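Colleague: Below: sequence and its predicted model.
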Amino acid sequence: MTSGDALGEYLRLRRGQVRPEDVGLVPGPRRRVEGLRREELAALAGISADYYLRIEQGRNAHPSPQILDALARALRMDAAASAHLHQLARGNRHSYTGIEHVSDDMSNLLDQLSVPAFVAGRCLDCLASNPLAQALSPNFTPGQNLLRQLFLDPAERRLHLDWDEATAGVVGGLRQIAGGEAADPRLDAIVDELSARSERFQLLWSRADIGYRPAGTSHLQHPRVGELHLGRNRFPIPDSDGQHLQIYHAAPGSDAAAKLAQLAVR
């Protein structure tokens, strides 16, 4: 996908998420379009309908920052979504073809952590994990694609009692990666696969939300130790081309901490 096509797709999806009444417009009785019409968005942004049409159709892939800011305001974008819009308009994206490796330092850190922890790559492949993470879910094993398993593996859905929130967060994060500085053909292939195989993924991708789920608590139902409420944190790994460290943890002395201790015993 070219930068112009990606920008146009993003604008179309975001335009479809804004109701006319949300921006002070009165929807007519014969309305056939979900969200805003092109000419409505153009008027709200203070540009001509023809100029906006050229942007959305990829015939003007590099609008000015001022135009992008006006479109972001009209579409009620938050800071993350607006930054994503500007990133898509920059163009000149190189293709990402690198093979992902986990550094020795990160591997050593995983071995020393006493909580479930794993490293995920750009496309949410599990690149490395410690034994407690693998005891929490067999999908937290190197070689598994966390995104594919979350949407397609029934056991992973049963594990996540907060599956709706988990899936929304992971797709928002993926959308952010997809619009980054490097294009990734493998990521595009995963998006196409899951769009065809998962209605939930297709719905979330069409919402065009941006950003990973914030740190918080995950609600899990483990087949061996039962219900778990675990803290969840995600740490981007510097100089790693998009890798991140994910950890789960329990409050000391809590029921969840005792259950994690049971999982650590094989």
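Modeller: On my side now, so go ahead.

Colleague: can we go C-alpha only for contacts and neighbour counts from here?
Modeller: Fine.

Colleague: Could you break this protein into its assigned domains?
Modeller: The chain breaks down by automatic domain parsing into domains covering 3-92, 104-264.

Colleague: Can you report how many residues neighbour the residue nearest to Phe151 when sequence neighbours are not counted?
Modeller: Of all residues not flanking Phe151 in the chain, Ser198 sits nearest, at 6.7 Å (C-alpha to C-alpha, 6 or more residues apart in numbering). Neighbours of Ser198 under the rule other C-alpha atoms under 10 Å: 13.

Colleague: can you pull the pLDDT of Ser198?
Modeller: On pLDDT, Ser198 comes in at 97.

Colleague: Wait, it touches Leu152, no?
Modeller: Yes: at 7.3 Å, Ser198 and Leu152 qualify as touching, with contact defined as C-alpha atoms under 8 Å.

Colleague: returning to that earlier point: mean pLDDT lowest for which of the domains of the chain?
Modeller: Mean pLDDT is lowest for domain 3-92 among those, at a mean of 86.

Colleague: Helix or strand for the residue positioned nearest the centre of the chain, just tell me which one.
Modeller: Nearest to the geometric centre of the chain sits Gly173, at 1.9 Å (C-alpha atoms, centre = their mean). Counting by DSSP states H and E, the element that carries Gly173 is helix 163-178.

Colleague: Need the residues that contact that helix.
Modeller: Residues outside helix 163-178 that contact it (C-alpha atoms under 8 Å, 6 or more residues apart in numbering): 84, 122-123, 147, 150-151, 157, 160, 184, 187-188, 201, 204-205, 208-214.

Colleague: And for stretch 119-126?
Modeller: Stretch 119-126 has contacts (C-alpha under 8 Å, 6+ apart) with 100, 102, 118, 127-129, 140-147, 174, 177, 186-187, 241-246.
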